[in-house]
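Sequence below, structure please.
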Amino acid sequence: MSVFKLPNTLCDEMISLVRSFWWGQTNGRNKMAWLSWDKVCVPKSNGGLGFRNLKAFNLALLAKQGWRLQTNTHSLVHRVLKARYFPNTDFLHAELGSKPPFAWRSIMVAQEVVKAGSRWQVGNGSSIQIWLDKWLPTHSIFRVISPTGTLPQDSRVCTLIDEETGEWKADMIREFVDFIWHLIFIQHVGKELLELVVTIAWCMWYTRNKACHGTTRQSSQEIIFKARSMIKSYQLARLEKPHHKEPADIRWIPSDFPWYKINIDAAVFTVSKSVGIGVVVRDHEGLVVGLVAALSKRMPLPLGPFDAEAKAMHEAVTFAKDIGLQDVIFETDSAILSTALNDISTAPTSIDNVIQDTHHSLQAFRRTQIQHVKRIGNKLAHTLAHHAKGIDDYVTWIEETPPCIEPIVFQDALSV
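Here you go, the predicted structure:
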């Protein structure tokens with residue numbers, strides 16, 4: 001099943017045998033089937049019995065072979081098939097060819113399945129087409145859907161990346177001033193109207209997607225009614241007071257000698273489309289003195305909160321290397337980030353490259369640890385991250401305490 005596409009008639013006969021065995025028969029007559037076979041094949045986690053859909057299972061195994069041909073380019077099978085069927089391209093763009101053998105024809109059946117489930121992870125961007133390939137980190141269609149701008153149709157993502165710094169060329173990435181921006185900064189509309197406009201826009205997008213899958217398209221009155229109902233439900237939900245359980249110990253705790261502890265945080269500045277990074281290095285006594293330091297840096301990157309946290313960790317590791325530390329504990333208030341750095345297999349795809357870069361840089365230290373800390377125990381880095389909003393590039397403090405965090409340093413020292 002993992003190499004050849006089973007004929008549909010064979011799959012139907014095998015399913016018929018399984019159904020006969022499962023439901024049983026008496027005197028050559030089948031007993032009543034109490035559940036449709038489609039529902040029987042639904043996973044147990046979704047309320048079904050978890051039986052295999054043979055056709056889908058066969059297609060999944062063939063797609064697995066196709067994915068291996070796409071990713072494992074050093075295997076003997078890949079080299080043989082590539083020389084024969086797609087010498088100038090990859091598996092995703094291969095063609096069936098004339099008079100292909102049954103094995104290759106079977107694998108090509110699953111090509112569309114591989115295409116539907118794959119997307120690019122951006123490296124240098126030289127192989128990725130801006131307008132045609134799926135490479136965006138968003139969870140919609142992963143593809144640029146805006147009209148082609150000043151860049152040609154066949155432009156590559158590498159044209160948007162600075163080769164020397166590896167950063168995005170912000171001046172080449174087109175910024176769109178949309179209707180919401182106009183409402184906020186030109187019309188100065190109220191909060192209630194803005195909420196309604198945004199919710200209606202989402203409902204229009206939602207009903208359009210449902211219509212693409214065969215559902216009847218809603219009328220404008222139905223969309224407006226749905227939007228108002230969603231806003232009302234949201235407002236009622238916010239009235240409920242959640243019960244928060246305070247952690248047992250949320251203080252900042254100093255490291256043991258000879259370790260240094262580095263606290264990291266990031267802040268997102270939406271208006272200026274930039275992020276602030278705060279890094280604080282303290283010794284086992286909790287003091288920002290001697291060979292310890294602090295960093296406040298602003299970077300012109302339109303990142304989200306989680307991406308900014310990952311970037312801040314990468315900058316903190318680089319900063320620790322620059323000042324010559326060897327035994328370092330890195331603390332962040334992002335639980336997902338700390339988990340991803342301790343086990344890179346759990347890293348979200350959107351920041352996988354940054355995590356791998358950071359993990360590789362950690363090998364330069366003698367000993368390192370990645371820990372999670374509550375936000376209240378990360379106040380110094382949090383303050384320096386927001387302090388970056390008022391600076392042009394970055395500021396470092398060596399053998400001195402930044403004035404903006406002196407009271408918090410003193411408070412943390414008293415609580416030790």
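
Can you report how many residues lie near Thr73?
Using other CB atoms under 10 Å, Thr73 has 12 neighbouring residues. Where you see a C-beta, it was placed from the backbone N, CA and C, and this is true even at glycine.

Same check on Cys203?
20.

did I read that right, it in a helix?
Yes - the assignment for Cys203 by DSSP: H, G, I helix; E, B strand; the rest coil puts it in a helix.

Now do the same contact list for it.
When contacts are counted by CB atoms under 8 Å, 6 or more residues apart in numbering, Cys203 touches 218, 223, 226-227, 230.

Pick out the most distant pair among these.
Spatial extent of the contacts of Cys203 (CB to CB) is set by the pair Gln218 and Met230 at 13.3 Å.

that older thread, I'd like to know which of the contacts of Cys203 are part of strands.
When DSSP state E is applied, the contacts of Cys203 are split such that none fall in strands.

how about these in TSV, adding neighbour count, distance to Gly278 and pLDDT?
As requested, the contacts of Cys203 are exported to TSV (neighbours: other CB atoms under 10 Å; distance: CB to CB, whole Å; pLDDT from 0 to 100):
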residue	neighbour count	distance to Gly278	pLDDT
Gln218	18	47	78
Ile223	19	43	82
Lys226	18	42	83
Ala227	20	39	81
Met230	15	37	83
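
ok, and what's touching stretch 5-19?
Contacts for stretch 5-19 (CB under 8 Å, 6+ apart): 33, 37, 51, 54-55, 58-59, 62, 102, 105-106, 109.

try it again with 10 Å
Residues from elsewhere that reach stretch 5-19, judged by CB atoms under 10 Å, 6 or more residues apart in numbering: 1, 25, 30, 33, 37, 40-41, 51-59, 61-62, 102-103, 105-110.

Name the residues of it that are buried.
Neighbour-count burial for stretch 5-19 flags 5-6, 11, 15, 19 (criterion: 16 or more other CB atoms under 10 Å).

show me where the protein has strands.
25-26, 29-30, 260-269, 274-282, 293-299, 327-332, 367-372, 394-398.

Of the ones you listed, which stretch is the most buried?
When you average the neighbours per residue for each of these (mean count of other CB atoms under 10 Å), strand 274-282 leads with a mean of 26.

Just the mean pLDDT for it, thanks.
For strand 274-282, mean pLDDT is 92.

One more: stretch 126-133?
Confidence for stretch 126-133, expressed as mean pLDDT, is 84.

Repeat that for stretch 360-370.
Average pLDDT, stretch 360-370: 92.

Could you check how far the residue nearest the centre of the chain is from Lys261?
Centroid-nearest residue in the chain: Ser350, 3.3 Å away (criterion: CA atoms, centre = their mean). Ser350 is 28 Å from Lys261, where distance means CB to CB, to the nearest Å.

and if you look at Gly117?
42 Å.

what does Glu399 give?
Computed as CB to CB, the Glu399 to Lys261 distance reads 17 Å.

same check, this time on Trp205
Per CB to CB, Trp205 is found 45 Å from Lys261.

now swap in Gln65 and tell me
Distance, Gln65 to Lys261, using CB to CB: 48 Å.

Glu163 now?
In this view, Glu163 and Lys261 are 36 Å apart by CB to CB.

Also Ile398?
Ile398 sits 17 Å away from Lys261, going by CB to CB.

What of His314?
Per CB to CB, His314 is found 18 Å from Lys261.

Residues in a beta bridge with Val281, which ones?
For Val281, the beta-bridge partners are Ile262 (DSSP bridges).

hang on, it packs against Gly324?
No - using CB atoms under 10 Å, Val281 makes no contact with Gly324, being 11.0 Å away.

neighbours around Asn59, how many?
I think there's a mix-up here, since residue 59 is Leu and not Asn. Count around Leu59 with other CB under 10 Å applied: 19.

I meant to write Ala83 there.
Other residues close to Ala83 by other CB under 10 Å number 9.

I'd like the strands of the chain as CSV, with distance to Asn46 appended.
Listed next are these as CSV, based on distance: least, CB to CB, whole Å:
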stretch, distance to Asn46
strand 25-26, 29
strand 29-30, 27
strand 260-269, 37
strand 274-282, 40
strand 293-299, 43
strand 327-332, 36
strand 367-372, 33
strand 394-398, 50
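
Pull up the gap between His284 and Ile253, please.
Using CB to CB, His284 is found at 11 Å from Ile253.

cool, Gly50 as well?
47 Å.

Give me the more crowded residue out of those two.
Comparing Gly50 with Ile253 by neighbour count (other CB under 10 Å), the higher total belongs to Ile253, at 15 against 11.

Can you read off the pLDDT for the more buried one?
So, for Ile253, pLDDT stands at 78.

Go ahead and confirm it touches Glu331.
Yes - look at Ile253 against Glu331 with CB under 10 Å: they come within range, at 9.3 Å.

anything in contact with each of the two?
Counting by CB under 10 Å, 6+ apart, the residues touching both Ile253 and Glu331 are 261, 371, 373, 377.
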